[in-house]
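*Asks:* Could you work out the structure for the sequence below:
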Amino acid sequence: MVKMSIGAAFSETFGFLKTNWMQMLLWLGGAVVIACLLGWLLLRNAMMTMMMAQGDPSAAFGAFGSIILFGFIAGTIVYAASLLIWRTGLVGGEPASDIGWGLGAGAALMLANFVVQIALMIVFYIVLFIVGLLAFGIFGASGMSLESFATGGASAGLILFGVIFYVALIVFFLWFFGRLTAAGPVMAVNRSSNPFSAFAESWRLTSASQWTIVGFNFLMILLFLVFFFIVSMVFGGVASAMMTPDAGMGAMIGALIMALVIYVPVVLVSVSMPAGIYRCIGVQGSPDVFA
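*Replies:* Got it, this is the predicted structure:
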């Protein structure tokens, strides 16, 4: 295990992005285009069916099944593209030769993440129930009533209790998913299709740097928010034009450009972050980084 620094994580993340941005645009862009086409094919009638199927549960379930199927296929494609990028950037090779492995491993990683998230939500609701009982015992039924919140009568202690719980929740999720952040790169480097062993390896690799990873992810979130704010200020006029009844094709094109300016860099950096963290804490030495 290697203890990383936030500076090294920034350096490795943007180094990975600088070296592999063309491959990332190609594979992630292709994945998004395919997912959009599949969404048009699978979902074009699903939402309308769900809205019109008030007296027909079977039709509603059928439409919901189409949504689930689309989510599974689209998730598999996006995860596969990410794994191919990580493998190319971390060990070299040609992504096209690993497409079969990428699709299988992508499906496995997506399903494993889904299982982990379901288990995490179950634990969350159990903890929420326990915290609710604790708050009820401390502040009583009257202090936690809807009337007290509506009239501004909630006690300062209850508000502070809620703020502390909310902040602790955010920190916990940053910590937990930070511990699993190297799972995808681990699968890519080992050409593995077993996400649970990759989760275990990621948990081991991140143990020495777990709070550094939390700090790094938090700083990246702040940078994303600043980036969103700057872009929204620059393209704010385009968004306003889109709200007018006589918005023309120019406004539509401007909105598309704004979406690309916002989401493309965010996606590229987000995919680079796990690879950068892995290069900081993995077994590879720094001299061969991105070689």
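*Asks:* Could you list the buried residues of the helix or strand hosting Leu225?
*Replies:* Following DSSP states H and E, one finds Leu225 within helix 210-234. Under the neighbour-count criterion of 16 or more other C-beta atoms under 10 Å, helix 210-234 has 212-214, 216-217, 220, 231 buried. Every residue, glycine included, has its C-beta placed from N, CA and C.
*Asks:* Trp175 contacts Gln210, correct?
*Replies:* Yes: if you go by C-beta atoms under 8 Å, Trp175 and Gln210 touch, sitting 6.4 Å apart.
*Asks:* any idea where the helices of this structure begin and end?
*Replies:* Assigned by DSSP state H, the helices in the chain fall at 6-43, 46-52, 57-91, 99-143, 146-150, 156-179, 183-190, 195-205, 210-234, 236-242, 249-281.
*Asks:* ranking the ones you listed by burial, who's on top?
*Replies:* helix 183-190 (a mean of 25; mean count of other C-beta atoms under 10 Å).
*Asks:* Put the alpha carbons of that helix into CSV.
*Replies:* Provided in CSV are the C-alpha atoms of helix 183-190 (Å, rounded to 0.1, in the frame of the first residue of the first chain):
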residue,chain,number,x,y,z
ALA,A,183,-11.9,-1.1,-8.5
GLY,A,184,-12.4,-0.2,-12.2
PRO,A,185,-8.7,0.4,-12.9
VAL,A,186,-7.8,-2.8,-10.9
MET,A,187,-10.1,-4.8,-13.2
ALA,A,188,-8.6,-3.0,-16.3
VAL,A,189,-5.0,-3.6,-15.3
ASN,A,190,-5.6,-7.3,-14.5
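*Asks:* Show me what that helix is packed up against.
*Replies:* Contacting helix 183-190 under the criterion 3 or more C-beta pairs under 8 Å, 6 or more residues apart in numbering; DSSP states H and E are the following elements: helix 57-91, helix 99-143, helix 195-205, helix 249-281.
*Asks:* Go ahead and confirm Ala188 touches Gly92.
*Replies:* No: with contact defined as C-beta under 8 Å, Ala188 does not count as touching Gly92 (11.3 Å).
*Asks:* ok so, going back, and the helices of the chain, which one averages the lowest pLDDT?
*Replies:* Note on the helices of the chain: lowest mean pLDDT is at helix 146-150, with a mean of 55.
*Asks:* For Ala108, see how far away Trp101 is.
*Replies:* 10 Å (C-beta to C-beta, to the nearest Å).
*Asks:* Quick check: the gap between Leu260 and Val266.
*Replies:* According to C-beta to C-beta, Leu260 stands 11 Å off from Val266.
*Asks:* Next: Leu169.
*Replies:* Leu169 is 23 Å from Val266, where distance means C-beta to C-beta.
*Asks:* Quick one: end-to-end distance for stretch 201-220.
*Replies:* One end of stretch 201-220 sits 24 Å from the other (C-alpha to C-alpha, to the nearest Å).
*Asks:* What is the distance between it and the centre of its chain?
*Replies:* 16 Å (C-alpha atoms, centre = their mean, to the nearest Å).
*Asks:* Identify the residues contacting it?
*Replies:* Residues outside stretch 201-220 that contact it (C-beta atoms under 8 Å, 6 or more residues apart in numbering) are 1-6, 9-10, 171, 174-175, 178-183, 186, 269, 273, 277-278, 280-282.
*Asks:* try 6 Å this time
*Replies:* With contact meaning C-beta atoms under 6 Å, 6 or more residues apart in numbering, stretch 201-220 is reached by 1, 3-4, 6, 9, 174-175, 178-180, 182-183, 186, 281.
*Asks:* of the residues you listed, closest to Phe72?
*Replies:* Closest approach between the contacts of stretch 201-220 and Phe72, by C-beta to C-beta: Ala183, at 19.1 Å.
*Asks:* which ones are touching that closest one?
*Replies:* By C-beta under 6 Å, 6+ apart, the contact list for Ala183 reads 198-199, 202.
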